[in-house]
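**Student:** Predicted coordinates and the sequence they were generated for:
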Amino acid sequence: MNEFFMKNLAIFSPEEMDVLRQKKVFVAGCGGLGSSVIEVLARSGIGHLVVADRDVFEPSNMNRQILCTTETLDKRKAEAASERVRLIDPSIDIQAFVTDLNESNLRELIEGCDLVIDALDSVSCRLLLENACAEKELFLIHGAVNGWALQVGVCPPKKGMLHTLYGGKEATVHAGGGIAMTVFTCASFEVSEAIKLLLHRPDSLAGNFLFFDLLSKESQVIAL
């Protein structure tokens, strides 16, 4: 076992660590949520990653995007994510795509993956991602933030949970803005749910949405 991850044995068995090393996860978006999701996945022992984002880092990203620094401003987010993962563990296989996500390329990007994580800010693109996951029969882990509030959903294939939640709306999710503590918490929830699915652990949110407010400490789980 890679000595980098020996401390993970406090939670995972050696066999489970071996399973995670074989898994391939697609992360849609490398911004606020995506960069934190990728960071936690890499430190959890996932062996294969595919990441995609078309954007570059801007000064307005600094407050919440873990990969945004004074050195990465104007750098492609997907490329920065790839470089960061290789600094954590050079043996991780990561493919980074600087591209728009659309109906024509999503199916190809998620081909061969075991799980998909949504870290997007466009409802229309999220719905296209859910459609692609349905065709490939892949679970989709959804996350979104708005100020102090976050939501996480674990969407089984062909259940149309995001279509039910958003009703086909054309909008951005975090119109109220994101802050670092909400983004990092949401990303941790997403990765936790992803790992539970990959390891067939119990207590998954599968088929449910979790809504949590860091300010009021109120939470609610809603089944769809």
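**Tutor:** Sure thing, it's come through.
**Student:** Which parts of this protein are helices?
**Tutor:** 14-22, 32-44, 77-88, 106-109, 123-136, 161-166, 180-198 (DSSP state H).
**Student:** what's next to the shortest one, contact-wise?
**Tutor:** When contacts are taken as C-beta atoms under 8 Å, 6 or more residues apart in numbering, the neighbours of helix 106-109 outside the stretch itself are Phe26, Val50, Ala52, Phe97, Leu101, Leu128, Leu129, Asn131, Ala132, Glu135, Lys136. No exception for glycine: its C-beta is placed from N, CA and C like everyone else's.
**Student:** which residue packs closest to His48, ignoring adjacent ones?
**Tutor:** Lys24 (3.7 Å; C-beta to C-beta, 6 or more residues apart in numbering).
**Student:** quick one: contacts for that neighbour?
**Tutor:** Contacts of Lys24 (C-beta under 8 Å, 6+ apart): Gly47, His48, Leu49, Val50, Gly112, Cys113, Asp114.
**Student:** Next: Leu162.
**Tutor:** Counted by C-beta under 8 Å, 6+ apart, Leu162 has contacts Asp118, Arg126, Leu127, Glu130, Leu140, His142, Gly153, Cys155.
**Student:** okay if I get the residues you listed as JSON lines plus neighbour count and distance to Met161?
**Tutor:** Listed next are those as JSON lines, based on neighbours: other C-beta atoms under 10 Å; distance: C-beta to C-beta, whole Å:
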{"residue": "Asp118", "neighbour count": "27", "distance to Met161": "11"}
{"residue": "Arg126", "neighbour count": "25", "distance to Met161": "11"}
{"residue": "Leu127", "neighbour count": "19", "distance to Met161": "11"}
{"residue": "Glu130", "neighbour count": "25", "distance to Met161": "7"}
{"residue": "Leu140", "neighbour count": "25", "distance to Met161": "8"}
{"residue": "His142", "neighbour count": "25", "distance to Met161": "7"}
{"residue": "Gly153", "neighbour count": "24", "distance to Met161": "6"}
{"residue": "Cys155", "neighbour count": "30", "distance to Met161": "4"}
